[in-house]
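>>> return atomic coordinates for the entry below.
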Amino acid sequence: MAEAAAAKVGAQADNGAVLVNLLLHSLGIAVLPIAGYFGSLNYIWKGNTIFAALTAVVVANVVFVSFIMQAYKEHKAEQAALQSTASEKKSQ
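Residues are numbered from 1 along each chain as shown. Below you'll find the predicted structure:
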């Protein structure tokens, strides 16, 4: 019973971390490209809207890539944990 409760708490903590990660990346994809556009429009490109738009596209892609890398890292860690528990069960 205690093992099941501990597993449930661990699963809830993992789900909470995934939710926080999703919310941070969602906020990043909503705010950072707009901030990058207007920031680069006024301070880097001096009014050139094409380069400012390209900056916003690059920023959006950086956020997407960071989300994908984070998801891949979590998946890889999860697979390693499953393999280690499977090997422990086989050795018992």
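
>>> can you give me the helices in this protein?
Using DSSP state H, the helices found in the chain span residues 2-43, 49-91.

>>> what angle sits between the shortest one and helix 49-91?
Interaxial angle, helix 2-43 versus helix 49-91 (axes from the mean of the first three to the mean of the last three CA atoms, to 10 degrees): 160 degrees.

>>> list the residues that contact Ala53.
By CB atoms under 8 Å, 6 or more residues apart in numbering, Ala53 lies in contact with Tyr37. C-beta: built from backbone N, CA, C; applies to glycine.

>>> ok, now Gly47?
Leu41.

>>> repeat that for Asn15.
Under the criterion of CB under 8 Å, 6+ apart, Asn15 has no neighbours.

>>> dead centre of this protein: give me the residue that sits there.
What sits nearest the mean C-alpha location of the chain, by CA atoms, centre = their mean, is Phe67, with 3.3 Å.

>>> still on that earlier bit, lowest-confidence stretch among the helices of the chain?
Ranked by mean pLDDT, the helices of the chain bottom out at helix 2-43, with a mean of 84.
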